[in-house]
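Novice: Fold the following for me, if possible:
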Amino acid sequence: MKKADRLLLEEIQAVIAGELECSADLLTRILLAYEKKEARHEKIMLQSDKQQMGLVHETEQQEKMLAQQAKMAAMGEMIDAIAHQWKQPLNAISMLAELSEMDFEAGAIDEAYMRDYKAQVFSQIEHLTSTLDEFRKFFRPNKDAVVFDVKKAIESVLVLVKDEFIQNMIEVEVQEESAMHIEGIENEFKHVILNIINNAKDAFNEQNTQERHIHIRLTEEAGSKRIELSDNAGGIPVSVIKDIFKPNVTTKAEGKGTGIGLYMSDQIVQKMGGSLSVVNTAEGAKFILEI
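Specialist: Okay, the predicted model is just below:
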């Protein structure tokens, strides 16, 4: 404490004890000291607010960066999925073209042949078009929360990974006890589902699992909606599972995962008013989404 402040305090104590009369000069000095103290307090609070605002801004920037990284990672995975989806119909069209040339040379082409040929080509083109439409809808900006059908949203994600999952010999079963609807941004929910099943696909390949199954179960009880996504890929290491929803935490080999996907999935589910958790089962991992 400064000497002047100490002397003022002693004078105030003397006035309280009745040992000194409270003069106008003393009152003036007390008021000035109080104003200085308030000014110092306001200055400290202002500095604290600025620091807090800086931390908030820094946190917001980190959140935006993580969201962008997650979006780019998801887009890369989706482009891979589209490549797998398109490979089969393009190969089929190419094969049909080669066969038609051979059949023309053999004199086997007639009106019925051409009708069948046209139907097969159009079927493959429809497959290409529907895949592209789903891809466009998946990344279409949509910031409005709506009530949507959960099973239909999951099935639209499965359309996008169908051929890739067939190539990786992964079977997906969706079990719904009754029609489930939730409110939120549908495309964000689809990102959560895509990320979890793609993680299961990677785990199957890393563990070299022979029979590969993903089971998605939708249940509802007492107003609580529960979506369980289980796999038989061996589970998540105990040393990692408690931190799996933190940013930059991954179970994948170096260079094969950013650790952003599950963090952003957790953020999306929280924004929907729900929770995302994971437990290990006897066969693999079970992700539980509750709203």
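
Novice: pretty sure V121 is touching L96, no?
Specialist: Yes: using Cβ atoms under 8 Å, V121 makes contact with L96 at a distance of 6.1 Å. C-beta: built from backbone N, CA, C; applies to glycine.

Novice: ranges for the strands of the stretch 101-250 of the chain?
Specialist: Taking DSSP state E, counting those that start in this stretch, the strands of the stretch 101-250 of the chain run over residues 146-149, 170-176, 181-184, 212-221, 224-231.

Novice: most packed of those?
Specialist: Ranked by average neighbour count under the criterion mean count of other Cβ atoms under 10 Å, these are headed by strand 224-231 at a mean of 19.

Novice: got the contact list for it?
Specialist: Residues from elsewhere that reach strand 224-231, judged by Cβ atoms under 8 Å, 6 or more residues apart in numbering: 150, 180, 182, 193, 196-197, 200, 203-204, 212-220, 274, 281, 283-291.

Novice: domains for this protein, by residue range?
Specialist: Using automatic domain parsing, the domains assigned to the chain come out as 3-65, 143-291.

Novice: Packed most tightly, which of the ones you listed would that be?
Specialist: Stretch with highest mean neighbour count among the domains of the chain: domain 143-291 (a mean of 17; mean count of other Cβ under 10 Å).

Novice: pLDDT score assigned to R136?
Specialist: We have a pLDDT of 69 for R136.

Novice: Could you report the distance from I214 to V146?
Specialist: 26 Å (Cβ to Cβ, to the nearest Å).

Novice: just E206 next, same as before
Specialist: E206 sits 37 Å away from V146, taking Cβ to Cβ as the criterion.

Novice: who touches the nearest residue to N280 once chain neighbours are set aside in this structure?
Specialist: On the basis of Cβ to Cβ, 6 or more residues apart in numbering, the spatially nearest residue to N280 that is not a chain neighbour turns out to be G235, at 3.9 Å. Residues in contact with G235 (Cβ under 8 Å, 6+ apart) are N280, T281, E283, G284, A285.

Novice: Can you flag which of the residues you listed belong to strands?
Specialist: Members of the contacts of G235 lying in strands (criterion: DSSP state E): N280, A285.

Novice: okay if I get the contacts of G235 as TSV plus distance to L262 and pLDDT?
Specialist: Converted to TSV, the contacts of G235 look like this (distance: Cβ to Cβ, whole Å; pLDDT from 0 to 100):
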residue	distance to L262	pLDDT
N280	15	95
T281	18	95
E283	20	94
G284	15	95
A285	11	95
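
Novice: mind putting the contacts of G235 in TSV, distance to L132 included?
Specialist: Listed next are those as TSV, based on distance: Cβ to Cβ, whole Å:
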residue	distance to L132
N280	38
T281	37
E283	36
G284	33
A285	32
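
Novice: Just the closest of the contacts of G235 to D103, please.
Specialist: G284 (48.5 Å; Cβ to Cβ).

Novice: What segments of the stretch 151-291 of the chain are helices?
Specialist: 186-207, 238-241, 261-271 (DSSP state H, counting those that start in this stretch).
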